[in-house]
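Colleague: Give me the fold of what follows.
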Amino acid sequence: MANDFSRDSRCKALWRFEDGALTADSKGTNTLTAVATPVTDVADFQEGGACVDIEHYDYDYFTIVNANLDAGFPLKSGDTSKKFTWCCWIKQESQPANAYFLGKYNVNSKRSFSLATYSNVLQILWGYNSGDSVDSFSTGISIANGEWYHVAVVVDGIAKTISVRVYRVLNDTVYTYSSNRANELNVSDADFRIGARAGDTEYRYDGKVDEVVIFDDLLTDDEIDQIRQGTFGTGLIHRCRDLFRSRRYRFRTAAVSSGDVMPY
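Modeller: Just a heads-up that it's a prediction; the model follows:
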């Protein structure tokens with residue numbers, strides 16, 4: 001079974017890293033640019049028929065400039081809600097120093113938000129002060145080399161809250177972290193990157209990545225688990241919810257009996 005994000009308007013990007021479509025966004029038009037030679041792996045993946053293998057020492061990564069991000073993409077310059085959920089699968093092959101694997105973050109005074117591993121522990125980079133400063137903090141969640149993990153972060157940058165949910169395949173265990181931060185999250189025009197951070201050529205990731213999905217909303221634990229299980233958007237409840245969210249239908253209690261649904 002596979003996730004179905006097609007009817008969910010909150011989903012703003014989906015990179016599945018399928019063979020022959022390595023840079024394609026299956027949801028929007030956020031086409032990535034591949035730097036160096038990241039390649040698909042059709043033997044070891046978590047979703048679909050392939051993942052991408054990013055080699056640190058080959059300087060592999062993906063990028064998309066801020067201006068090319070779709071309208072409504074979280075943390076694109078001009079974003080005032082600063083609410084988002086990011087989910088992805090990772091399998092780190094080695095631990096280079098401070099490996100950044102997903103973020104919209106430029107060290108040249110354009111810091112916004114990024115995920116990284118520091119010494120095999122999941123690290124959060126939270127930019128503030130117009131991008132000049134960073135709140136860098138550990139989740140305490142270990143990321144072992146050679147293992148698959150599903151990583152999800154739910155952020156409200158204005159309320160200054162973050163929750164992290166990490167699933168380790170090897171022992172079928174979920175690890176969580178949450179906190180309140182001191183500063184409102186910064187939004188900048190930094191590039192969005194997978195496998196590296198912007199502003200320098202250091203601190204690149206080494207390993208596999210699969211099914212990166214971006215939402216402009218705060219997903220629940222149940223929704224995150226459904227994404228990880230490959231059942232998101234496939235059930236009747238999801239379809240009914242998406243139907244009402246699209247505002248194609250509404251209740252007209254003044255004209256019909258309670259519980260009837262009429263076209264909008």
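
Colleague: Give me the secondary structure label for residue 8.
Modeller: On the three-state scheme (DSSP: H, G, I helix; E, B strand; the rest coil), residue 8 is labelled coil.

Colleague: same thing with residue 225?
Modeller: helix.

Colleague: Look up how far residue 167 lies from it.
Modeller: 8 Å (Cβ to Cβ, to the nearest Å). Backbone N, C-alpha and C define where each C-beta goes, glycine included.

Colleague: What of residue 194?
Modeller: Taking Cβ to Cβ, one finds residue 194 at 19 Å from residue 167.

Colleague: With residue 84 instead?
Modeller: From residue 84 to residue 167 the distance is 19 Å (Cβ to Cβ).

Colleague: quick one, which of these two is more surrounded?
Modeller: Applying other Cβ atoms under 10 Å to residue 84 and residue 167 shows that residue 84 carries more neighbours, namely 25 against 19.

Colleague: Could you say which helix or strand holds that one?
Modeller: Per DSSP states H and E: residue 84 is located in strand 83-92.

Colleague: could you pull out the helices for the chain?
Modeller: Ranges of helices in the chain, per DSSP state H, are 221-229, 236-245.

Colleague: ok, residues contacting the shortest one?
Modeller: If I follow you right, that is helix 221-229. Applying Cβ atoms under 8 Å, 6 or more residues apart in numbering, the contact partners of helix 221-229 are 3, 85, 87, 150, 152, 154, 165, 167, 174, 211, 213, 219, 232-233.

Colleague: any idea which of those residues is closest to residue 45?
Modeller: residue 211 (8.9 Å; Cβ to Cβ).

Colleague: what sits against the nearest residue to the closest one once chain neighbours are set aside?
Modeller: Of all residues not flanking residue 211 in the chain, residue 47 sits nearest, at 4.2 Å (Cβ to Cβ, 6 or more residues apart in numbering). Residue 47 makes contact with 2, 3, 16, 89, 210, 211, 230, according to Cβ under 8 Å, 6+ apart.

Colleague: Please dump the residues you listed into CSV; it should also carry pLDDT and distance to residue 43 for every row.
Modeller: CSV is the format used below for the contacts of residue 47 (pLDDT from 0 to 100; distance: Cβ to Cβ, whole Å):
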residue, pLDDT, distance to residue 43
2, 93, 19
3, 98, 21
16, 98, 16
89, 98, 15
210, 98, 13
211, 98, 16
230, 98, 19
